[in-house]
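Undergrad: structure of the sequence below:
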Amino acid sequence: MKRTTTALRLAVAACTVAGAVLATAPLATAENATKDAAMSPGYTIEARVYKDWGVAHPTKWVTSAWTYHGAAFQSMTRIRNTATLASSVGTFTWSCSVGVSTGGPEGNCTGTPNVSTYSTSQYWENGNTYEADLNGYMYPSWNTTWEQVCSIASASSSSLGIHGQSQACVG
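TA: Numbers count the residues shown, from 1 in each chain. As a prediction, the model looks like this:
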């Protein structure tokens, strides 16, 4: 009986120490999401978003839009990826760059934060391809308690007569 009690006490002590270590370990901070939407039978548009709120800011973010016919990439007349960024309080600054560019019709990787909602958005649009990507960093205020990043993917093909939109968010 004494051995069982001693073993039980040691097990409880080990669990308590392990719990304390886990409670002080940094939480996983990377988040990602993907959302598909049908454009037409067999054609799909996909929004992807990734956010990594590190222990030390800034927050790295990546958003992208992709179009498919079945499992193969499908070029569209126009494909746009809009990234929306938001934080809980204060203002934030951010930087942005585009991914793959194939001479699309227009692009805007700059914007003005909305001070009343602590948010901003920017987009990149490509033509005659299957993807549009944005990435950058958020530099939020020191007292920010949450950050949200969304990817809004939209595309259309004049030759196929289809269009679609999808949205994915993290945070």
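
Undergrad: only C-alpha atoms from now on, for both contacts and neighbour counts.
TA: Noted.

Undergrad: which stretches of this protein have low pLDDT?
TA: The model of the chain has pLDDT under 70 over residues 1-28, 54-57, 90-93, 95, 97-117.

Undergrad: and the host helix or strand of residue 153, which strands flank it?
TA: With secondary structure defined by DSSP states H and E, residue 153 is part of strand 147-157. In the sheet, strand 147-157 lines up against strand 76-87 (antiparallel), strand 162-170 (antiparallel) (DSSP bridges).

Undergrad: now the first one - C-alpha only, PDB.
TA: As requested, C-alpha coordinates have been extracted for strand 76-87 and formatted as PDB (Å, rounded to 0.1, in the frame of the first residue of the first chain):
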ATOM      1  CA  MET A  76      -8.900  33.300 -65.900                       C
ATOM      2  CA  THR A  77      -9.300  36.600 -67.800                       C
ATOM      3  CA  ARG A  78      -9.100  38.300 -64.400                       C
ATOM      4  CA  ILE A  79      -8.100  37.000 -60.900                       C
ATOM      5  CA  ARG A  80      -8.000  39.300 -57.900                       C
ATOM      6  CA  ASN A  81      -6.800  38.700 -54.300                       C
ATOM      7  CA  THR A  82      -7.900  41.300 -51.700                       C
ATOM      8  CA  ALA A  83      -6.200  41.200 -48.300                       C
ATOM      9  CA  THR A  84      -8.000  42.800 -45.400                       C
ATOM     10  CA  LEU A  85      -6.100  43.400 -42.100                       C
ATOM     11  CA  ALA A  86      -7.600  44.400 -38.800                       C
ATOM     12  CA  SER A  87      -6.500  44.700 -35.200                       C
END
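
Undergrad: now it: buried residues?
TA: Buried residues in strand 76-87, counted by 16 or more other Cα atoms under 10 Å: 76, 77, 78, 79, 80, 81, 82, 83, 84, 85, 86, 87.

Undergrad: which residues touch the closest residue to residue 151 other than its chain neighbours?
TA: Counting by Cα to Cα, 6 or more residues apart in numbering, residue 151 lies nearest to residue 83, which is 4.9 Å off, once chain neighbours are set aside. Residues counted as contacts of residue 83 (Cα atoms under 8 Å, 6 or more residues apart in numbering) are 63, 121, 122, 123, 134, 149, 150, 151, 152.

Undergrad: the nearest residue to the last one once chain neighbours are set aside: neighbour count?
TA: Spatial nearest neighbour of residue 152, excluding adjacent residues (Cα to Cα, 6+ apart): residue 167 at 4.4 Å. Other residues lying near residue 167 total 23 when counted by other Cα atoms under 10 Å.

Undergrad: brilliant, that's me finished.
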